[in-house]
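>>> with the input below, show me the fold.
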Amino acid sequence: MCLARWNSPDLLELRVSRCDSKAILLLRLNHLWTKLNPAFTSDDFVEWDLKTARRRMVEERKQNADIYMTGSLQLIDSASGKASFHPYTADETADDAAERRAAIDAYIKADCDCDHLVATWLPASSGKALEQELRVVIGGRYPHEVVIPAQTSSQGVDYVTNKLRYYGRQES
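Here you go, the predicted model:
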């Protein structure tokens with residue numbers, strides 16, 4: 001399944017079914033762009049850089065514990081080395097173990113970037129946008145990719161999109 005949706009004011013969402021194969025994912029995206037080609041091409045758009053949003057979410061995770069929980073994440077050091085942190089279960093956060101929390105804080109203090117983040121958005125602070133927790137992957141295979149479960153309501157997708165817009169702003 002493929003879908004294109006304009007999310008005003010500045011975002012063209014391309015939604016494709018999730019798959020394990022990167023080649024099939026690219027095939028689905030190319031098929032969608034082929035269908036959109038009479039109106040515009042991928043060159044007409046700039047990929048959404050979620051780098052700032054991911055980093056800021058990790059940096060501000062303690063202050064925003066009522067909005068989202070951080071799960072698995074991957075941090076990039078100054079020499080392009082990677083450190084991955086994976087809680088034991090999906091119900092656990094990245095901060096549940098003191099040594100993991102200290103390591104993540106050290107990477108953030110050293111101004112490292114986050115290129116992969118699993119976040120669970122919490123319904124309590126979302127108004128009516130989320131009826132239950134919503135687990136998303138931000139920067140899965142591609143830095144601009146957001147993986148949201150297919151059964152998520154349009155209000156839920158908009159909630160996540162707007163939060164990523166907010167955390168993507170440079171100012172804190």
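>>> what pLDDT does the residue of the chain most remote from its centre get?
No residue in the chain sits farther from the centre than Pro38, which is 29.6 Å out by Cα atoms, centre = their mean. Note on Pro38: pLDDT of 88.
>>> who's in contact with the residue nearest the centre of the chain?
In the chain, the C-alpha closest to the average C-alpha coordinate belongs to Ile138, at a distance of 1.9 Å (Cα atoms, centre = their mean). By Cβ atoms under 8 Å, 6 or more residues apart in numbering, the residues touching Ile138 are Leu50, Ala53, Arg54, Met57, His116, Leu117, Val118, Ala119, Glu145, Val146, Leu164. (C-beta placed from N, C-alpha, C; glycine too.)
>>> in TSV, list these along with neighbour count.
What follows is the contacts of Ile138, written out as TSV (neighbours: other Cβ atoms under 10 Å):
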residue	neighbour count
Leu50	22
Ala53	23
Arg54	26
Met57	24
His116	19
Leu117	25
Val118	21
Ala119	29
Glu145	16
Val146	20
Leu164	21
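>>> so where's the protein shaky on pLDDT?
In the predicted model, the chain carries pLDDT under 70 at residues 171-172.
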